[in-house]
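*Asks:* Sequence and predicted structure, then a few things I'm wondering about:
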Amino acid sequence: MPVINRIAAMADEMRVWRRWLHRHPELSFDLPVTAAYVAERLRAFGVDEVHEGIAQSGIVALIEGRGAGPTIGLRADMDALPIAEATGADHASEHPGAMHACGHDGHTTMLLGAAKYLAETRNFSGRVALIFQPAEENGAGAEVMVREGVLDRFGIGRVFALHNAPNLPLGHFVTTPGPIMAAVDTFSITVTGRGGHGAMPHETADPVVAAAGIVQAIQTIVSRNHYALDDLVVSVTQIHTGTADNIIPETAWINGTVRTFAPDVQKMVMRRLREITQGQAAAYGVEAELDYEVGYPSTVNDEAEVAFAAEVAQDVSGAAAVNAEGGREMGAEDFAYMLEKRPGAYLFLGQGPGAPLHHPRYDFNDEAAPIGASFFARLVERAQPAG
Ligand code: NI
(Lines give C-alpha, C1' and ligand atoms only; values in the text may rest on other atoms or scores of the structure.)
Protein backbone atom coordinates (compact mmCIF):
# COMPACT_ATOMS: atom_id res chain seq x y z
CA MET A 1 0.00 0.00 0.00
CA PRO A 2 1.63 3.28 -1.10
CA VAL A 3 0.91 6.82 0.07
CA ILE A 4 -2.66 7.06 1.41
CA ASN A 5 -4.92 8.48 -1.35
CA ARG A 6 -6.62 11.07 0.84
CA ILE A 7 -3.20 12.32 1.92
CA ALA A 8 -1.84 12.33 -1.64
CA ALA A 9 -4.82 14.58 -2.47
CA MET A 10 -3.66 16.99 0.26
CA ALA A 11 -0.23 17.50 -1.35
CA ASP A 12 -0.97 21.01 -2.65
CA GLU A 13 -2.41 22.11 0.68
CA MET A 14 0.60 20.69 2.54
CA ARG A 15 2.94 22.57 0.20
CA VAL A 16 1.14 25.80 1.12
CA TRP A 17 1.55 25.13 4.85
CA ARG A 18 5.19 24.11 4.49
CA ARG A 19 6.13 27.16 2.44
CA TRP A 20 4.29 29.50 4.80
CA LEU A 21 6.24 28.00 7.72
CA HIS A 22 9.44 28.27 5.69
CA ARG A 23 8.87 31.99 5.11
CA HIS A 24 8.39 32.57 8.86
CA PRO A 25 11.24 30.78 10.67
CA GLU A 26 11.58 31.31 14.42
CA LEU A 27 14.27 30.17 16.83
CA SER A 28 14.52 27.97 19.89
CA PHE A 29 11.63 28.30 22.40
CA ASP A 30 10.33 31.57 20.98
CA LEU A 31 7.95 30.45 18.21
CA PRO A 32 4.79 32.56 18.67
CA VAL A 33 3.95 32.89 14.96
CA THR A 34 4.70 29.25 14.13
CA ALA A 35 2.79 27.86 17.12
CA ALA A 36 -0.24 30.08 16.40
CA TYR A 37 -0.28 28.87 12.77
CA VAL A 38 -0.08 25.22 13.83
CA ALA A 39 -2.77 25.57 16.52
CA GLU A 40 -5.10 27.36 14.09
CA ARG A 41 -4.77 24.55 11.53
CA LEU A 42 -5.31 21.86 14.20
CA ARG A 43 -8.54 23.53 15.35
CA ALA A 44 -9.72 23.85 11.75
CA PHE A 45 -9.16 20.10 11.27
CA GLY A 46 -11.49 19.40 14.19
CA VAL A 47 -9.05 17.69 16.53
CA ASP A 48 -10.55 17.14 19.99
CA GLU A 49 -8.15 19.13 22.16
CA VAL A 50 -5.34 21.59 21.53
CA HIS A 51 -3.03 22.31 24.47
CA GLU A 52 -0.75 25.28 23.85
CA GLY A 53 2.07 26.96 25.74
CA ILE A 54 3.83 23.79 26.86
CA ALA A 55 7.60 24.47 27.08
CA GLN A 56 6.65 28.04 26.05
CA SER A 57 5.68 27.38 22.39
CA GLY A 58 4.99 23.64 22.35
CA ILE A 59 1.61 22.15 21.49
CA VAL A 60 -0.06 18.82 22.18
CA ALA A 61 -3.19 18.01 20.15
CA LEU A 62 -5.41 15.03 20.92
CA ILE A 63 -7.59 13.08 18.50
CA GLU A 64 -9.93 10.43 19.86
CA GLY A 65 -10.40 7.25 17.84
CA ARG A 66 -13.27 4.77 17.91
CA GLY A 67 -13.47 2.88 21.17
CA ALA A 68 -11.16 2.63 24.13
CA GLY A 69 -7.46 2.07 23.79
CA PRO A 70 -4.01 3.44 24.53
CA THR A 71 -2.54 6.80 23.48
CA ILE A 72 0.20 6.86 20.86
CA GLY A 73 2.50 9.90 20.58
CA LEU A 74 3.80 11.38 17.31
CA ARG A 75 6.33 14.18 17.53
CA ALA A 76 7.47 16.96 15.19
CA ASP A 77 9.90 19.81 15.86
CA MET A 78 9.07 23.40 14.81
CA ASP A 79 12.22 25.50 15.34
CA ALA A 80 14.57 26.97 12.71
CA LEU A 81 18.28 27.86 12.70
CA PRO A 82 20.26 31.12 12.90
CA ILE A 83 21.47 30.89 9.28
CA ALA A 84 21.03 33.45 6.49
CA GLU A 85 19.11 31.66 3.73
CA ALA A 86 20.71 31.42 0.27
CA THR A 87 18.17 29.29 -1.62
CA GLY A 88 16.79 32.19 -3.65
CA ALA A 89 13.41 30.40 -3.48
CA ASP A 90 10.12 32.31 -3.78
CA HIS A 91 9.25 31.01 -0.34
CA ALA A 92 12.62 31.98 1.20
CA SER A 93 12.81 33.22 4.78
CA GLU A 94 11.36 36.67 5.46
CA HIS A 95 13.21 36.82 8.80
CA PRO A 96 16.80 37.92 8.18
CA GLY A 97 19.36 35.63 9.79
CA ALA A 98 16.92 32.79 10.43
CA MET A 99 15.92 29.90 8.19
CA HIS A 100 14.43 26.42 8.24
CA ALA A 101 17.72 24.75 7.30
CA CYS A 102 16.95 21.44 9.03
CA GLY A 103 13.51 20.87 7.51
CA HIS A 104 11.53 21.24 10.73
CA ASP A 105 9.00 23.16 8.59
CA GLY A 106 8.58 19.87 6.70
CA HIS A 107 8.34 17.81 9.91
CA THR A 108 5.61 20.12 11.23
CA THR A 109 3.78 19.89 7.89
CA MET A 110 3.92 16.08 7.81
CA LEU A 111 2.41 15.88 11.29
CA LEU A 112 -0.27 18.45 10.35
CA GLY A 113 -1.10 16.32 7.29
CA ALA A 114 -1.45 13.23 9.48
CA ALA A 115 -3.56 15.26 11.95
CA LYS A 116 -5.99 16.36 9.26
CA TYR A 117 -6.38 12.83 7.91
CA LEU A 118 -6.72 11.22 11.35
CA ALA A 119 -9.27 13.82 12.54
CA GLU A 120 -11.37 13.19 9.42
CA THR A 121 -11.19 9.39 9.28
CA ARG A 122 -10.70 8.25 12.92
CA ASN A 123 -10.02 4.77 11.71
CA PHE A 124 -8.24 3.76 14.92
CA SER A 125 -9.00 2.97 18.54
CA GLY A 126 -7.79 4.82 21.61
CA ARG A 127 -6.21 8.20 21.09
CA VAL A 128 -3.37 9.91 19.28
CA ALA A 129 -1.30 12.72 20.80
CA LEU A 130 0.39 15.01 18.29
CA ILE A 131 3.41 16.66 19.89
CA PHE A 132 4.78 19.85 18.27
CA GLN A 133 7.93 20.86 20.13
CA PRO A 134 10.14 23.96 20.21
CA ALA A 135 13.92 24.15 20.64
CA GLU A 136 15.17 20.93 19.09
CA GLU A 137 18.30 22.63 17.74
CA ASN A 138 19.33 23.99 21.14
CA GLY A 139 17.72 24.10 24.54
CA ALA A 140 16.28 20.57 24.58
CA GLY A 141 12.64 21.50 23.99
CA ALA A 142 11.70 17.81 24.12
CA GLU A 143 13.22 17.51 27.58
CA VAL A 144 11.28 20.55 28.79
CA MET A 145 8.04 19.09 27.41
CA VAL A 146 8.78 15.81 29.20
CA ARG A 147 9.58 17.72 32.41
CA GLU A 148 6.31 19.64 32.06
CA GLY A 149 4.64 16.25 32.10
CA VAL A 150 3.26 15.71 28.59
CA LEU A 151 3.91 11.97 28.56
CA ASP A 152 2.14 11.34 31.88
CA ARG A 153 -0.54 14.02 31.61
CA PHE A 154 -1.81 12.70 28.26
CA GLY A 155 -1.07 9.04 29.04
CA ILE A 156 1.25 8.62 26.08
CA GLY A 157 2.50 5.02 25.93
CA ARG A 158 4.85 5.02 22.94
CA VAL A 159 6.45 7.72 20.77
CA PHE A 160 7.59 8.06 17.16
CA ALA A 161 9.35 10.72 15.11
CA LEU A 162 10.73 11.27 11.62
CA HIS A 163 13.65 13.34 10.37
CA ASN A 164 14.15 14.18 6.71
CA ALA A 165 17.39 13.05 5.08
CA PRO A 166 18.80 14.89 2.06
CA ASN A 167 20.61 12.69 -0.45
CA LEU A 168 18.75 9.58 0.62
CA PRO A 169 16.38 8.64 -2.26
CA LEU A 170 12.93 10.23 -1.98
CA GLY A 171 10.60 8.06 0.11
CA HIS A 172 13.31 5.74 1.43
CA PHE A 173 13.30 5.10 5.19
CA VAL A 174 16.40 4.35 7.26
CA THR A 175 16.45 3.45 10.93
CA THR A 176 18.22 1.05 13.25
CA PRO A 177 17.51 -0.91 16.44
CA GLY A 178 19.10 0.43 19.64
CA PRO A 179 21.21 3.61 19.60
CA ILE A 180 20.71 5.63 16.40
CA MET A 181 22.04 9.09 17.35
CA ALA A 182 24.91 9.99 19.66
CA ALA A 183 25.02 11.79 22.99
CA VAL A 184 26.39 15.31 22.51
CA ASP A 185 28.45 17.18 25.11
CA THR A 186 30.37 20.44 24.79
CA PHE A 187 33.49 21.68 26.51
CA SER A 188 35.36 24.93 26.84
CA ILE A 189 38.85 25.49 28.23
CA THR A 190 40.06 28.86 29.43
CA VAL A 191 43.85 29.18 29.29
CA THR A 192 45.20 32.06 31.33
CA GLY A 193 48.86 33.09 30.98
CA ARG A 194 50.72 36.36 31.34
CA GLY A 195 50.61 38.65 28.33
CA GLY A 196 53.30 40.95 27.07
CA HIS A 197 55.34 42.14 24.09
CA GLY A 198 55.63 39.73 21.15
CA ALA A 199 59.36 40.46 21.05
CA MET A 200 59.87 39.50 24.72
CA PRO A 201 58.28 36.05 25.10
CA HIS A 202 60.61 35.18 27.97
CA GLU A 203 58.79 37.76 30.07
CA THR A 204 55.40 36.17 29.41
CA ALA A 205 53.55 32.90 29.98
CA ASP A 206 52.18 32.39 26.48
CA PRO A 207 48.59 31.02 26.38
CA VAL A 208 48.73 30.66 22.56
CA VAL A 209 51.44 27.98 22.65
CA ALA A 210 49.79 26.32 25.64
CA ALA A 211 46.42 26.24 23.82
CA ALA A 212 48.09 24.65 20.78
CA GLY A 213 49.62 22.03 23.08
CA ILE A 214 46.25 21.30 24.67
CA VAL A 215 44.54 20.95 21.26
CA GLN A 216 47.23 18.51 20.07
CA ALA A 217 47.05 16.47 23.26
CA ILE A 218 43.23 16.24 23.00
CA GLN A 219 43.71 14.37 19.70
CA THR A 220 45.19 11.44 21.65
CA ILE A 221 41.89 10.78 23.48
CA VAL A 222 40.36 9.15 20.41
CA SER A 223 43.60 7.75 18.98
CA ARG A 224 45.25 6.43 22.20
CA ASN A 225 42.80 6.29 25.12
CA HIS A 226 39.85 4.29 23.92
CA TYR A 227 38.96 0.99 22.29
CA ALA A 228 39.09 1.30 18.51
CA LEU A 229 35.67 -0.32 17.92
CA ASP A 230 33.73 2.04 20.21
CA ASP A 231 32.16 5.07 18.52
CA LEU A 232 33.69 8.34 19.70
CA VAL A 233 34.28 11.81 18.27
CA VAL A 234 36.16 14.58 20.07
CA SER A 235 36.42 17.72 17.92
CA VAL A 236 38.02 21.03 18.86
CA THR A 237 35.97 23.52 16.86
CA GLN A 238 37.08 26.95 18.13
CA ILE A 239 40.19 28.71 19.39
CA HIS A 240 39.87 32.39 20.25
CA THR A 241 42.75 34.55 21.35
CA GLY A 242 44.88 37.58 20.60
CA THR A 243 44.44 41.07 19.21
CA ALA A 244 47.62 42.05 17.31
CA ASP A 245 50.81 40.70 15.69
CA ASN A 246 53.12 42.05 18.37
CA ILE A 247 51.14 41.25 21.51
CA ILE A 248 51.25 37.99 23.41
CA PRO A 249 47.71 37.78 24.84
CA GLU A 250 46.75 37.04 28.40
CA THR A 251 44.04 34.47 27.66
CA ALA A 252 43.04 31.84 25.08
CA TRP A 253 39.74 29.98 24.80
CA ILE A 254 39.24 26.52 23.32
CA ASN A 255 35.81 25.02 22.54
CA GLY A 256 34.73 21.68 21.21
CA THR A 257 32.18 18.88 21.04
CA VAL A 258 32.17 15.26 22.25
CA ARG A 259 29.95 12.57 20.68
CA THR A 260 29.54 9.23 22.44
CA PHE A 261 27.17 6.28 22.80
CA ALA A 262 28.44 4.57 25.97
CA PRO A 263 28.37 6.27 29.42
CA ASP A 264 31.78 4.81 30.36
CA VAL A 265 33.33 6.28 27.20
CA GLN A 266 31.76 9.65 28.06
CA LYS A 267 33.24 9.44 31.59
CA MET A 268 36.66 8.54 30.19
CA VAL A 269 36.60 11.60 27.89
CA MET A 270 35.65 13.90 30.78
CA ARG A 271 38.51 12.50 32.88
CA ARG A 272 41.10 12.73 30.07
CA LEU A 273 40.08 16.29 29.16
CA ARG A 274 40.58 17.29 32.79
CA GLU A 275 43.96 15.52 33.03
CA ILE A 276 45.17 16.99 29.72
CA THR A 277 44.03 20.49 30.66
CA GLN A 278 45.80 20.38 34.01
CA GLY A 279 48.90 18.55 32.76
CA GLN A 280 49.47 20.74 29.73
CA ALA A 281 48.88 23.89 31.78
CA ALA A 282 51.56 22.78 34.23
CA ALA A 283 53.95 21.94 31.37
CA TYR A 284 53.53 25.38 29.78
CA GLY A 285 53.42 27.36 33.02
CA VAL A 286 49.91 28.73 32.59
CA GLU A 287 46.56 28.20 34.33
CA ALA A 288 43.81 26.33 32.52
CA GLU A 289 40.26 25.52 33.49
CA LEU A 290 37.92 23.01 31.88
CA ASP A 291 34.17 23.54 31.73
CA TYR A 292 32.41 20.37 30.54
CA GLU A 293 28.70 20.47 29.78
CA VAL A 294 26.69 17.29 29.37
CA GLY A 295 24.08 17.68 26.59
CA TYR A 296 21.49 15.53 24.79
CA PRO A 297 21.76 11.81 25.62
CA SER A 298 22.03 9.12 22.97
CA THR A 299 18.81 8.51 20.98
CA VAL A 300 17.91 4.87 21.55
CA ASN A 301 15.27 3.05 19.49
CA ASP A 302 13.26 0.28 21.12
CA GLU A 303 13.89 -2.95 19.15
CA ALA A 304 10.25 -4.07 18.92
CA GLU A 305 8.97 -0.57 18.12
CA VAL A 306 11.56 0.02 15.43
CA ALA A 307 10.68 -3.32 13.79
CA PHE A 308 7.00 -2.29 13.85
CA ALA A 309 7.75 1.16 12.44
CA ALA A 310 9.84 -0.40 9.67
CA GLU A 311 6.86 -2.59 8.70
CA VAL A 312 4.67 0.50 8.48
CA ALA A 313 7.35 2.24 6.38
CA GLN A 314 7.29 -0.77 4.04
CA ASP A 315 3.51 -0.41 3.73
CA VAL A 316 4.04 3.14 2.51
CA SER A 317 7.21 2.91 0.40
CA GLY A 318 7.72 -0.81 -0.32
CA ALA A 319 10.22 -3.24 1.16
CA ALA A 320 13.07 -2.20 -1.14
CA ALA A 321 12.88 1.36 0.17
CA VAL A 322 13.27 0.52 3.86
CA ASN A 323 16.57 -0.14 5.62
CA ALA A 324 15.76 -1.20 9.19
CA GLU A 325 19.41 -1.75 10.14
CA GLY A 326 20.99 1.40 8.81
CA GLY A 327 23.40 1.88 11.71
CA ARG A 328 24.19 4.82 13.98
CA GLU A 329 25.08 8.42 13.33
CA MET A 330 27.26 10.78 15.35
CA GLY A 331 24.65 13.58 15.14
CA ALA A 332 22.30 14.18 18.07
CA GLU A 333 18.55 14.65 18.58
CA ASP A 334 16.55 15.75 21.62
CA PHE A 335 13.79 13.21 20.86
CA ALA A 336 16.26 11.14 22.92
CA TYR A 337 14.59 12.53 26.07
CA MET A 338 11.21 11.10 25.03
CA LEU A 339 12.76 7.74 24.09
CA GLU A 340 14.36 7.64 27.57
CA LYS A 341 10.87 7.66 29.07
CA ARG A 342 8.83 5.66 26.55
CA PRO A 343 9.48 2.93 23.97
CA GLY A 344 9.41 4.17 20.41
CA ALA A 345 11.42 4.77 17.28
CA TYR A 346 13.11 7.50 15.27
CA LEU A 347 13.45 7.15 11.50
CA PHE A 348 15.02 9.07 8.65
CA LEU A 349 12.92 9.76 5.55
CA GLY A 350 14.79 10.38 2.28
CA GLN A 351 13.96 13.54 0.37
CA GLY A 352 16.26 13.07 -2.64
CA PRO A 353 19.29 15.05 -3.83
CA GLY A 354 20.03 18.53 -2.48
CA ALA A 355 22.06 20.60 -0.06
CA PRO A 356 22.77 18.96 3.32
CA LEU A 357 21.03 19.81 6.61
CA HIS A 358 22.09 23.11 8.23
CA HIS A 359 23.30 24.48 4.88
CA PRO A 360 22.18 27.95 3.64
CA ARG A 361 20.92 26.39 0.39
CA TYR A 362 19.02 23.52 2.06
CA ASP A 363 15.28 23.28 1.44
CA PHE A 364 12.74 20.64 2.47
CA ASN A 365 11.38 18.68 -0.52
CA ASP A 366 7.58 19.08 -0.52
CA GLU A 367 7.24 15.73 -2.31
CA ALA A 368 8.34 14.02 0.90
CA ALA A 369 5.46 15.50 2.94
CA PRO A 370 2.65 13.14 1.81
CA ILE A 371 4.97 10.18 2.35
CA GLY A 372 5.80 11.19 5.92
CA ALA A 373 2.17 12.05 6.70
CA SER A 374 1.06 8.64 5.35
CA PHE A 375 3.68 6.95 7.52
CA PHE A 376 2.37 8.67 10.66
CA ALA A 377 -1.25 7.94 9.78
CA ARG A 378 -0.64 4.27 9.00
CA LEU A 379 1.44 3.93 12.15
CA VAL A 380 -1.58 4.95 14.23
CA GLU A 381 -4.03 2.78 12.26
CA ARG A 382 -1.80 -0.28 12.58
CA ALA A 383 -0.75 0.29 16.19
CA GLN A 384 -4.32 0.80 17.35
CA PRO A 385 -6.71 -0.78 14.84
CA ALA A 386 -10.34 0.29 15.07
CA GLY A 387 -12.71 -2.24 16.71
NI1 NI B 1 16.68 18.57 12.63
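*Replies:* Yep, that arrived.

*Asks:* tell me the domain ranges of the chain?
*Replies:* As assigned by automatic domain parsing, the chain contains the domains 5-180+299-383, 183-294.

*Asks:* Can you check which helix is longest in the chain?
*Replies:* helix 263-284 (DSSP state H).

*Asks:* buried set for that helix?
*Replies:* 265-266, 268-270, 272-273, 276-277, 280-281, 284 (16 or more other CB atoms under 10 Å). To be clear about C-beta, it is placed using only N, CA and C from the backbone, and glycine gets the same treatment.

*Asks:* how distant is that helix from the center of its chain?
*Replies:* Distance of helix 263-284 from the chain centroid (CA atoms, centre = their mean, to the nearest Å) equals 28 Å.

*Asks:* Give the other helices and strands that that helix contacts.
*Replies:* The contact analysis (3 or more CB pairs under 8 Å, 6 or more residues apart in numbering; DSSP states H and E) places helix 263-284 against strand 183-192, helix 207-224, strand 232-241, strand 251-260, strand 287-294.

*Asks:* will you turn the ones you listed into JSON lines that also has mean pLDDT?
*Replies:* Shown next, in JSON lines, are those (pLDDT from 0 to 100):
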{"stretch": "strand 183-192", "mean pLDDT": "98"}
{"stretch": "helix 207-224", "mean pLDDT": "98"}
{"stretch": "strand 232-241", "mean pLDDT": "97"}
{"stretch": "strand 251-260", "mean pLDDT": "97"}
{"stretch": "strand 287-294", "mean pLDDT": "98"}
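
*Asks:* Now render those as CSV, adding distance to Gly372.
*Replies:* Shown next, in CSV, are the helices and strands packed on helix 263-284 (distance: least, CB to CB, whole Å):
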stretch, distance to Gly372
strand 183-192, 25
helix 207-224, 36
strand 232-241, 29
strand 251-260, 26
strand 287-294, 31
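
*Asks:* Find the one among the domains of the chain with the highest mean neighbour count.
*Replies:* Highest mean neighbour count among those (mean count of other CB atoms under 10 Å): domain 5-180+299-383, with a mean of 20.

*Asks:* Endpoint to endpoint, that domain covers what distance?
*Replies:* In domain 5-180+299-383, first residue to last residue: 20 Å (CA to CA, to the nearest Å).

*Asks:* in what helix or strand does the residue positioned nearest the centre of the chain lie?
*Replies:* Among the residues of the chain, the one closest to the centroid is Glu333, at 3.4 Å (CA atoms, centre = their mean). Assigned by DSSP states H and E, Glu333 falls within no helix or strand.

*Asks:* Can you give me the separation between it and Ala320?
*Replies:* Computed as CB to CB, to the nearest Å, the Glu333 to Ala320 distance reads 26 Å.

*Asks:* Tabulate the buried residues of helix 263-284 (CSV), appending distance to Ala142 and pLDDT.
*Replies:* Output for those, formatted as CSV (distance: CB to CB, whole Å; pLDDT from 0 to 100):
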residue, distance to Ala142, pLDDT
Val265, 23, 95
Gln266, 20, 96
Met268, 27, 97
Val269, 24, 98
Met270, 24, 98
Arg272, 30, 98
Leu273, 27, 98
Ile276, 33, 98
Thr277, 32, 98
Gln280, 37, 98
Ala281, 37, 98
Tyr284, 42, 98
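
*Asks:* Can you lay out those residues as CSV showing distance to Met14?
*Replies:* Output for those, formatted as CSV (distance: CB to CB, whole Å):
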residue, distance to Met14
Val265, 42
Gln266, 40
Met268, 46
Val269, 43
Met270, 45
Arg272, 48
Leu273, 46
Ile276, 51
Thr277, 50
Gln280, 54
Ala281, 56
Tyr284, 58
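
*Asks:* Kindly indicate which of these lies nearest Thr299.
*Replies:* Taking CB to CB as the measure, Thr299 lies nearest Gln266 of the buried residues of helix 263-284, at 14.6 Å.

*Asks:* beta partners for the closest residue to the closest one other than its chain neighbours?
*Replies:* The shortest distance from Gln266 to any non-neighbouring residue, by CB to CB, 6 or more residues apart in numbering, is to Thr260 (4.4 Å). As for beta bridges, Thr260 partners with Ala183, Leu232 under DSSP bridges.
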